[in-house]
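> Fold the following and give me the result.
(one chain, ligands or ions: 1)
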Amino acid sequence: MQHTAKYIFVTGGVTSSLGKGILSASLAKLLQARGYRVTIQKFDPYINIDPGTLNPYEHGECYVTRDGAETDLDLGHYERFLNVPTSQANNVTTGRIYETVIQRERKGEYLGKTVQVIPHITDEIKRRFTLLNDNGDYDVIITEVGGTVGDIESLPYIEALRQFRYEHGVQHCLVIHLTLIPYLTAVGELKTKPTQHSVKELLSYGIQPDILVCRTEHRLGEELKGKLARFCNVEEKAVIENINAPTIYDVPFLLIKEQLDLIVLDKLGLPRGELKGLNSWKNFVNRLKNPSDEITIGLVGKYVELKDAYLSIHESLKIAGTELELDVHIKWIHSEDINTENAERMLGGLDGILVGPGFGERGVDGKILAVKFARENHVPFFGICLGMQVAVVEFGRNVLHLKDCYSAEFAPKCKNPVIDMMEEQKNVTQMGGTMRLGEYDCEIMEGTWAFKAYEKTAIRERHRHRYEFNSKFRNEYEKAGMKMSGINPQSNLVEIIEIPDHPYFLAAQFHPEYSSTVETPHPLFVSFVAGAYTTKTAKRKM
Ligand code: GLN
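Have a look, this model is predicted:
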């Protein structure tokens, strides 16, 4: 078998939420910094074809790739860490695997055979393990296997991995098991037993992990590492401590101390290379930790109980703040809690207000009030997707005084649907994967905040929506002081709106948060944070 790439698999043990995504992204970052071309993919064991139909409460934010795939939020970490775009092929679900196999069966491609989990489902999983490297673009492919070892739904993936490793040889295919070492306060001890059992489980499926990465709240110590090595058949130096880090961006440095990158390269028989490409990352973490000032941004949304629902927005704000040496505090504001009586109390004192994306009417009134507050009180404002749509509704109602003015999403029969369903969406009956998704062109008008931010007129941004600004109202809005500063040149859809007569008021129909990375902070986030800071300092001087 010809080997054009090396494969690293990351499995999870003991419990979920240990941070397989951050571990994968951090390891990938280190290998990238040593000169390797790396990509990461995630296999999710649920039956949805993609997470696009999932409520954010279920699975956090739905991340959108350039090619319009609705994917797991870990892909956002991959892009933010590596600064390399991901695609549809980087996120595979059980639903997608079965869909492919069933379609093939319907075409008669299995030639009368009984179609079964083994070999047909496992073969399809194996095919997808290598799919990203069809063009030989990568030296190393890291595959995160979702779920926890022992789950019924992960079994086909673990079996596919066992076969893949047998077929490719261990020197081309490494298994890293991420596990938890809990600390029992009552006895003051770290406990290895759950990990021993988890490795035993993995062994029962025929897989010996090469490296154990141990999530822990306390230092492991040599003795404990030795014990884990002995009971889990792993080399002692391959028992890696993964202690709680101050920020996710510190994790690569913690892993360097544990020499994870070197152990991985040695085991795969790859030259160690020189760790050269980490300077800008170091600078970033330095700036993140040593801000010269701070601002507070109110993030208004209806899923704020679950911070992961706004993960990319959160990270994009932090990254933009770091670029400007500012610590951005985020105040999470539940849009359902805002009403006319308490708006001042909830929103007063903020340096900026961001109204985020969303679907459905719950909490929309509060979002409209937040926009009104920002517009009338000259608080810098940034709206994203639904955040732009509610800004348009607010302006229609309170500046243009349009009667019965709303979005057709919430009131299809209203007299003034200033946000209307896109023409191409009107005949769509299926929910999954049918929105306007992925990158589209946008032409920026010179002399606007958008132009100042991007410093160019032609941009491409990622979308995820069914509704749009209703162009019938464009003249009326422009006359009253709202500028349409970004337009799709092919479809004429309004992509960015601004109110120039305001300290900073900009909203976008697309999602800039999906394309903000550590190395390239998104210009619109940087300009919003800068706008908020300028307004704050101007107020201080007053
Ligand atoms: N619900 C709105 C639409 O479909 C906004 C979507 C979003 O915020 N992502 O157009």
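
> just the helices in the stretch 351-500 of the chain please.
Secondary structure of the stretch 351-500 of the chain (DSSP state H, counting those that start in this stretch): helices at 364-376, 386-398, 449-454, 474-479.

> what about the residue most central in space within the chain, distance to the ligand?
The residue lying closest to the centre of the chain (CA atoms, centre = their mean) is residue 76, at 2.9 Å. Residue 76 sits 15 Å away from the ligand, taking CB to the nearest ligand atom, to the nearest Å as the criterion. For the C-beta atoms, the positions are set from N, CA and C on the backbone; glycine is no exception.

> That residue: what's it in contact with?
With contact taken as CB atoms under 8 Å, 6 or more residues apart in numbering, residue 76 is in contact with 61, 63, 311-312, 315, 514.

> need the next SSE after whichever helix or strand it is part of, C-terminal direction.
Applying DSSP states H and E as the criterion places residue 76 in helix 74-82. Using DSSP H and E, the helix or strand that follows helix 74-82 in sequence is strand 91-93.

> How confident was the prediction at residue 395?
At residue 395, the model reports a pLDDT of 98.

> List the buried residues in stretch 172-179.
Buried residues in stretch 172-179, defined by neighbour count with 16 or more other CB atoms under 10 Å: 172-179.

> do the same with stretch 213-222
Applying 16+ other CB under 10 Å to stretch 213-222 flags 213-216, 220 as buried.

> Next, count neighbours for the nearest residue in space to residue 41 that is not next to it in sequence.
Of all residues not flanking residue 41 in the chain, residue 90 sits nearest, at 4.5 Å (CB to CB, 6 or more residues apart in numbering). By the criterion of other CB atoms under 10 Å, residue 90 has 25 neighbours.

> Over to residue 415?
If we define neighbours as other CB under 10 Å, then residue 415 has 10 of them.

> List the residues that contact it.
Taking CB under 8 Å, 6+ apart, one finds 402-405 in contact with residue 415.

> and the stretch 351-500 of the chain, which residues reach the ligand?
357-359, 385-386, 389, 409, 464-467 (CB under 6 Å from any ligand atom).

> and those as a markdown table, adding neighbour count and pLDDT?
Formatted as a markdown table, these follow (neighbours: other CB atoms under 10 Å; pLDDT from 0 to 100):
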| residue | neighbour count | pLDDT |
| --- | --- | --- |
| 357 | 24 | 96 |
| 358 | 24 | 94 |
| 359 | 16 | 93 |
| 385 | 23 | 97 |
| 386 | 26 | 97 |
| 389 | 29 | 98 |
| 409 | 19 | 95 |
| 464 | 21 | 96 |
| 465 | 23 | 96 |
| 466 | 16 | 94 |
| 467 | 22 | 96 |
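
> If we only consider the buried residues of stretch 213-222, which is nearest to the ligand?
Relative to the ligand, the closest of these is residue 215; by CB to the nearest ligand atom it sits at 32.7 Å.

> In contact with that closest one, which residues?
So residue 215 contacts 18-19, 178-181, 242 (CB under 8 Å, 6+ apart).

> quick one, which residue of this structure lies the farthest from its center?
residue 112 (42.1 Å).

> Doesn't that residue belong to a strand?
No - membership of residue 112 in a strand is not supported by DSSP: H, G, I helix; E, B strand; the rest coil, which gives coil.

> From the ligand, how far off is it?
45 Å.

> returning to what we had before: so which of the helices of the stretch 351-500 of the chain is the most surrounded?
helix 386-398 (a mean of 25; mean count of other CB atoms under 10 Å).

> quick one: contacts of that one?
300, 354-359, 364, 367-368, 371-372, 375, 381, 383, 402, 405-407, 409, 416, 418-419, 465, 467, 469, 473, 477, 480, 482, 496-497, 499, 505, 507-509.

> Get me the contact residues on the stretch 51-200 of the chain for the ligand.
Counting by CB under 6 Å from any ligand atom, no residue of the stretch 51-200 of the chain is near the ligand.

> which residues of the stretch 51-200 of the chain fall in strands?
For the stretch 51-200 of the chain, the strands defined by DSSP state E, counting those that start in this stretch occupy 63-64, 70-71, 91-93, 140-145, 173-180, 183-184, 189-190.

> which stretch among those strands comes nearest residue 449?
Smallest distance to residue 449 across these (CB to CB): 23.9 Å, for strand 63-64.

> For the closest one, which strands pair with it and how are they oriented?
strand 70-71 (antiparallel) (DSSP bridges).

> Now residue 246: closest residue in space that isn't a chain neighbour?
Closest to residue 246 by CB to CB, 6+ apart is residue 289, at 7.6 Å.

> What is the neighbour count of that neighbour?
Neighbours of residue 289 (other CB under 10 Å): 13.

> any idea how far it is from residue 245?
Relative to residue 245, residue 289 is positioned 12 Å away (CB to CB, to the nearest Å).
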